[in-house]
Structures are given as structure tokens and as C-alpha cells.
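Peer 1: starting from these lines, generate the structure:
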Amino acid sequence: MTTTKKPSPKTFETATFGAGCFWHVEEAFRQVKGVAATGAGYMGGTTKNPAYEDVCSGRTGHAEVVQVVFDPKQVTYEQLLDVFWSSHDPTTVNRQGPDVGTQYRSVIFYHTPAQQQAALASKAALGKAKKFTKPIVTQIVPATTFYRAEEYHQKYLAKRGLSTCPV
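Peer 2: As a prediction, the model looks like this:
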């Protein structure tokens, strides 16, 4: 009797990054080979099931984030960190461009101890290399519940045929 072994399902990992408004950041990650899915959402606050208006009030404690599902055989977490660092200014506290508030903070939400160590090492290496003229203020904290943003925020730029924010 012969048996056919089923191929094992791909093992994907999840990464979550806050780098200001999630529209541009989501688009940057969507372009990376090995990224299976992205989602704009909210993380790091105290309000359950927050809406965009709640998060924009600054009272929920949430950051606008992009959750990235990726195949580590095609793209490493370290490569995703490179995209994160290059897609925003990690030296401004609670601000990216014209967007101001704690919801726009620079933050890495790690899902595993390995991600935590990689994020800390990456931040330290950038600081040591003096890649930025000011100190990096990015928070590196444990992932909490991810709340998916409203549908109109998902792939916002792609739906409009844009690759960057028009601001």
C-alpha cells in the first residue's frame, strides 16, 4: 500500500509595525516579495474594537499599525525591519509629517522573543551607524490585540492607483 504524503502547509509569521499613517507603510510592505498579506489596523491601546475616529482622538492609546503576514523562507524579519526603518522618520515622537498624535508613533510590536532581539539589534545598529541625525525614538514592545481598521483603510493607496500619500 502506498501513501502520498500531503505537502506541509507553508509556515507564515506575523510582524506588526507602527510608522505613522498606515496607508503608505502598508503599500511599502505589500511590495515585498514573500509578504503574503498586509492589514491596516490598531494596536497598543486600551479600548476594545476601536474605530478610526476613536483612535484619532488620541484617547485610546492605540497606534496606527500595519500587520504583515510573511513567509520567512522568502523574506526575513530583518529585511522587514529594513523596510520599516526606511518608510518613516523614527526620530520624531508621536509625529510623521503632518500627522501628530500618539496614534502616529514609531513602534515595533514584536510577536516572539526572536523578533524582539532582532528589533533591538537593528535599532542599536542604526543608532551606532548614525544613520539618522537625531536619536531613534521607536518603541519596541510586545504585540497586543490587533484590531483591523475599517475596510476603506485596507490597501488604501493601491485602490486609488497611488504608491505614496498625496500629502
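
Peer 1: okay, now the unreliable bits of this protein?
Peer 2: Where the chain drops to pLDDT under 70, the residues are 1-10, 156-157, 160, 162-167.

Peer 1: what about the helices in it?
Peer 2: Secondary structure of the chain by DSSP state H: the helices cover 22-30, 52-56, 77-86, 113-129, 156-159.

Peer 1: how about the ones you listed in a markdown table, adding distance to residue 65 and mean neighbour count?
Peer 2: Where C-beta positions appear, they are placed from N, C-alpha and C, glycine not excepted. Formatted as a markdown table, the helices of the chain follow (distance: least, C-beta to C-beta, whole Å; neighbours: other C-beta atoms under 10 Å):
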| stretch | distance to residue 65 | mean neighbour count |
| --- | --- | --- |
| helix 22-30 | 6 | 23 |
| helix 52-56 | 10 | 16 |
| helix 77-86 | 11 | 18 |
| helix 113-129 | 14 | 15 |
| helix 156-159 | 14 | 15 |
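
Peer 1: dump those into TSV; add distance to residue 13 as well.
Peer 2: Below are these laid out as TSV (distance: least, C-beta to C-beta, whole Å):
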stretch	distance to residue 13
helix 22-30	13
helix 52-56	25
helix 77-86	7
helix 113-129	8
helix 156-159	23
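
Peer 1: and residue 93, which of these is closest to it?
Peer 2: helix 113-129 (15.0 Å; C-beta to C-beta).
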